[in-house]
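> Need coordinates for the below:
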Amino acid sequence: MAALAGALPMFAFPAPSWWWFAYVALVPWILLARAAPTGRRAAYDGWLGGLGFMLAVHHWLLPSLHVFTVLIAALLGALWAPWGWLVRRFLAGVPSPGRIGAALLVLPSGWLAIELVRSWQGLGGPWGLLGSSQWQVEPALRLASVGGVWLLSFLLVAVNVAIAVLVAVRESRVPALAGLVATAAVTSAAWVWSPRPDVDGRIRIAVVQPGVVDGSASGDKRFDREEVLTRQLAGRGADLVVWGESSVGFDLAGRPDLANRIAALSREVGADILVNVDARRSDRPGIYKSSVLVGPQGPTGDRYDKMRLVPFGEYVPARSLLGWATSVGKAAGEDRMRGTEQVVMDVGHGLRIGPMVCFESAFPDMSRHLAEDGAEVLLAQSSTSSFQHSWAPEQHASLAALRAAETGRPMVHATLTGVSAVYGPSGERIGSWLGTDASEATVYEVPLATGVTPYVRFGDWPVHGALLVLAALCLTEGARALRVRRSAPEPPGQPARTAHESPARPGR
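Alright, predicted model coming up:
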């Protein structure tokens, strides 16, 4: 039951996208942990619920990693064990108004701490953060510009906690309702007073999505298809053309013929072309995934090497110990190499772009840093060829809406295969998605914006606040335990000494 309860939030994410379900999806899990007979059992419910959550949100990995997906979900699910204990600690029995008020702070803070830990790229990155389920809700996107996806996760957990109390504890419904009203008031104030991006001009960006190409020479066929689609953009006024992840399977320095063909396309279309090279470098050892800008005269010299790699998909952590994963799934046979820094590129028409590759679009800090460095448009080059018939393509495309809203900068999610999407500086969708069955080139008129959002200015302040709440909880619990220990009666069999008595000294 705990695992099934933990799996319920999966329906709030694409493909179902029942965004409203996220406001009640945690209630069964909370009620189960609250009713646990012991703290140990509540922690156990928290762990199993976390296992169910991670496995459900990442279920599309099963065809690639097989049983290893369950093992990873079980390990990461353990992060929710303390959270289950906290649920029982604050909500068991008939909680007082003070305990309910504390729960509305502590339980969302605990959830954010879990999301922070599992967001480390070595643990799979921030895929499936609870707040990301609100990618298509305009008021939620406005709040994301204030505190990022972290603020949305915090508020969702707080609402679930209050609803759980309303459902289960009749005597505590007044403070629970007061908590809901207070949450609504704070979020409404943030929504009203948060600054809106100032639209300042427009740019025409073309997305080239070739789709799945089968065959032994798929790399050459894919390039030929991209070439044909790009030629269709001639005369359509594109200011920039974006190809998807791994759109070029050879290092351009070692294949000047391909570089010349892309340069010829740039001259024909009248715009620079951002390609993505997935190949062994000729100037250094190893395979890199790199965003490379090509102009009418050839590569411009602007290059971004992917920094955050997909565990098992692009490298195997601790390969000497976990290398066996390559025999049971589609884990990387050879580790890709990492870049060292983010890059903002200058393209024609005075436009500055900030490229990211694949699941880097899931990391809020990467897009925030690009906005700080002056990027006017955020770009993510992606490919989900291994997961075409799963929920992954739509989940991935939805993340760009949050990154756009957080930074106040439009974002283009261009895929080799999968779902391509474009969002404006407030996270609003521009045009229609290119679905997994699409093979076409489409031009989007993208609004540019100026100004700085509170999230870009102040960073991950909801996470910092959550950590302070948990630190205060630890200090309070420690002081309480110390007081209880000092006030405990002496063990039986040892009569209490009077004030004028003193212990006997050895030898006297």
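> What is the longest helix anywhere in the chain packed up against?
Ordering each helix of the chain by length in residues (DSSP state H) puts helix 138-168 first. In terms of contacts (3 or more C-beta pairs under 8 Å, 6 or more residues apart in numbering; DSSP states H and E), helix 138-168 is packed against helix 27-34, helix 81-91, helix 97-118, helix 173-193, helix 364-372, helix 392-407, helix 454-458, helix 461-487. Using the backbone N, CA and C atoms, a C-beta is placed for each residue, glycine as well.
> residues of that helix that come out buried?
Judged by neighbour count (16 or more other C-beta atoms under 10 Å), helix 138-168 contains these buried residues: 140-166, 168.
> what about I114, distance to W47?
12 Å (C-beta to C-beta, to the nearest Å).
> what residues are shared contacts of these two?
Residues touching both I114 and W47 by C-beta atoms under 8 Å, 6 or more residues apart in numbering: W80.
> Look up phi and psi at W135.
Backbone torsions of W135, given as degrees, to the nearest 10, read phi -60, psi -20.
> Ok, G39 next?
phi -60, psi -30.
> And for it, the neighbour number?
Neighbour count of G39, defined by other C-beta atoms under 10 Å: 15.
> So it sits against L86, correct?
No. Here G39 does not reach L86: they are 9.5 Å apart, not a contact under C-beta atoms under 8 Å.
> returning to that earlier point: ranking the helices and strands packed on helix 138-168 by burial, who's on top?
Highest mean neighbour count among the helices and strands packed on helix 138-168 (mean count of other C-beta atoms under 10 Å): helix 392-407, with a mean of 27.
> Give me the next element, helix or strand, following that helix.
Per DSSP states H and E, the first helix or strand lying C-terminal to helix 392-407 is strand 411-415.
> what comes up buried for stretch 428-440?
Applying 16+ other C-beta under 10 Å to stretch 428-440 flags E428, R429, I430, W433, L434, T436, A438, S439 as buried.
> what about it, start to end distance?
Counting by C-alpha to C-alpha, to the nearest Å, you get 22 Å between the two ends of stretch 428-440.
> so how far is that stretch off the chain centroid?
21 Å (C-alpha atoms, centre = their mean, to the nearest Å).
> avg pLDDT for that stretch?
What stretch 428-440 shows for mean pLDDT is 92.
> same deal with stretch 34-51?
96.
> Also stretch 486-497?
According to the model, stretch 486-497 has a mean pLDDT of 59.
> so what are the domain limits for this protein?
2-195+461-481, 199-307+342-452 (automatic domain parsing).
> So for D335, which of these sits nearest?
domain 199-307+342-452 (7.9 Å; C-beta to C-beta).
> Low-confidence stretches in the stretch 351-500 of the chain?
488-500 (pLDDT under 70).
> before we move on, what SS does the closest residue to D251 other than its chain neighbours have?
Excluding its sequence neighbours, the residue lying closest to D251 (C-beta to C-beta, 6 or more residues apart in numbering) is A279, at 4.5 Å. At A279 the chain is in strand, as set by DSSP: H, G, I helix; E, B strand; the rest coil.
> With T230 as the reference, measure out to R267.
From R267 to T230 the distance is 11 Å (C-beta to C-beta).
> So which of these two has more stuff around it?
The neighbour count for R267 versus T230, taken as other C-beta under 10 Å, is higher for T230 (24 against 12).
> which one is the more buried one nearest to, not counting chain neighbours?
L265 (4.9 Å).
> For that neighbour, give me its contacts.
Contacts of L265 (C-beta under 8 Å, 6+ apart): E227, T230, R231, V241, I273.
> what do you get if the cut-off is 7 Å, keeping everything else the same?
E227, T230, R231, I273 (C-beta atoms under 7 Å, 6 or more residues apart in numbering).
> next one: phi and psi at it?
According to degrees, to the nearest 10, L265 has phi -60, psi -40.
> Just the CA trace of stretch 39-46, in PDB.
The C-alpha coordinates for stretch 39-46 follow below in PDB (Å, rounded to 0.1, in the frame of the first residue of the first chain):
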ATOM      1  CA  GLY A  39       8.100   5.600  14.300                       C
ATOM      2  CA  ARG A  40      10.100   2.700  12.700                       C
ATOM      3  CA  ARG A  41       7.000   1.600  10.800                       C
ATOM      4  CA  ALA A  42       6.400   5.200   9.600                       C
ATOM      5  CA  ALA A  43      10.000   5.300   8.300                       C
ATOM      6  CA  TYR A  44       9.400   2.000   6.600                       C
ATOM      7  CA  ASP A  45       6.300   3.400   4.900                       C
ATOM      8  CA  GLY A  46       8.300   6.500   3.900                       C
END
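> and it, which residues are buried?
Quick answer for stretch 39-46 (16+ other C-beta under 10 Å): R41, A42, A43, Y44, D45, G46.
> Rounded mean pLDDT for stretch 132-145, please.
The model assigns stretch 132-145 a mean pLDDT of 93.
> same check, this time on stretch 148-164
Average pLDDT, stretch 148-164: 95.
> try stretch 91-98
The model assigns stretch 91-98 a mean pLDDT of 90.
> mind checking how far the helix or strand hosting T69 is from the chain centre?
Element membership for T69, per DSSP H and E: helix 67-77. Mean C-alpha position of helix 67-77 versus that of the full chain (C-alpha atoms, centre = their mean) differs by 18 Å.
> Buried residues, it. List them.
Buried residues in helix 67-77 (16+ other C-beta under 10 Å): F68, T69, I72, A73, L76, G77.
> Tell me the one of those residues nearest I30?
Distances from I30 to those, taken by C-beta to C-beta, are shortest for G77, at 16.1 Å.
> From P63, how far out is the closest one?
21 Å.
> what sits against the residue nearest to A164 when sequence neighbours are not counted?
Distances taken as C-beta to C-beta, 6+ apart put I30 closest to A164, at 4.2 Å, once the chain neighbours are dropped. Residues in contact with I30, defined by C-beta under 7 Å, 6+ apart, are V87, N160, V161, A164.
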